[in-house]
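A.B. asks: Provided below for reference: sequence and predicted model.
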Amino acid sequence: MSLSDCKLLSLNELTDERGKLAYLETNDVVPFDIARIYYLYDVPKKSSRGAHAHKKLEQIMIAISGSFDVKLNDGENESIFHLRRPNEGLYIGREIWRDIYNFSEDGVCLVLASLHYTEDDYIRKYDDFIKYIES
Ligand code: TYD
């Protein structure tokens, strides 16, 4: 998978005088069956998360509160996405290295994931990632 497959998705949003409601459904905005949901929060300002790639996992990341940045790398190119609105989601395909950082104090990164957690799906060293995508 390449960086060009990773993109910001506009979520369905309903607005009226009571406020806003955003939603996502599998096979509508979400291009996979959701197997798992997790979220990162209370991340110290100078801390960063990620620093790994996944072999098979696909994800959508949403700044459900506050903001953070996501740097994606496919072994050749790099892109930085600034997530700061709860009505957009960053789709990340398989075999993409990611770093998540620059969390605001109230930053919450909600993640929709295509697979259950398994450490076997992780590539945690950048050199191993390059070898994996070249093989
Ligand atoms: P990791 O995915 O490395 O966190 P991040 O990319 O946000 O820095 O996961 C950190 C730890 O949490 C690791 O020991 C695996 C565990 N974990 C689970 O048990 N279940 C999960 O769904 C996730 C995402 C992580």
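C.D. replies: Received the coordinates, thanks. Keep in mind the model is a prediction, meaning the values are calculated, not measured.
A.B. asks: Surely residue 113 touches residue 30?
C.D. replies: No. With contact defined as C-beta atoms under 8 Å, residue 113 and residue 30 do not form a contacting pair (10.5 Å). Where C-beta positions appear, they are placed from N, C-alpha and C, glycine not excepted.
A.B. asks: Now do the helices for the protein: every range, in order, please.
C.D. replies: Taking DSSP state H as the test, the helices found in the chain are 126-134.
A.B. asks: Please list the residues of it that sit near the ligand.
C.D. replies: Contact residues (C-beta under 6 Å from any ligand atom) of the chain with the ligand: 36, 38, 40, 49, 50, 52, 117.
A.B. asks: Quick one, grab the pLDDT at the fourth one.
C.D. replies: In this case it means residue 49. What the model reports as pLDDT for residue 49 is 98.
A.B. asks: again, but for residue 113
C.D. replies: Looking at residue 113, the pLDDT reads 98.
A.B. asks: How about residue 26?
C.D. replies: 89.
A.B. asks: how close does it get to the ligand?
C.D. replies: 19 Å (C-beta to the nearest ligand atom, to the nearest Å).
A.B. asks: residues contacting that residue?
C.D. replies: Shown in contact with residue 26 (C-beta atoms under 8 Å, 6 or more residues apart in numbering): 32, 33, 34.
A.B. asks: what about it, distance to residue 50?
C.D. replies: Noted for residue 26: a distance of 24 Å to residue 50, by C-beta to C-beta, to the nearest Å.
A.B. asks: Can you give me the pLDDT of residue 1?
C.D. replies: Taking residue 1 on its own, its pLDDT is 75.
A.B. asks: Sorry, slip of the keys, the one I care about is residue 9.
C.D. replies: pLDDT, residue 9: 95.
A.B. asks: quick one, what contacts residue 113?
C.D. replies: Residue 113 neighbours (C-beta under 8 Å, 6+ apart): 34, 35, 36, 37, 38, 57, 58, 59.
A.B. asks: Grab the nearest non-local neighbour of the residue most central in space within the chain.
C.D. replies: Note on the chain: the residue nearest the mean C-alpha position is residue 61, at 3.4 Å, using C-alpha atoms, centre = their mean. Distances taken as C-beta to C-beta, 6 or more residues apart in numbering place residue 90 nearest to residue 61, at 4.6 Å, with adjacent residues excluded.
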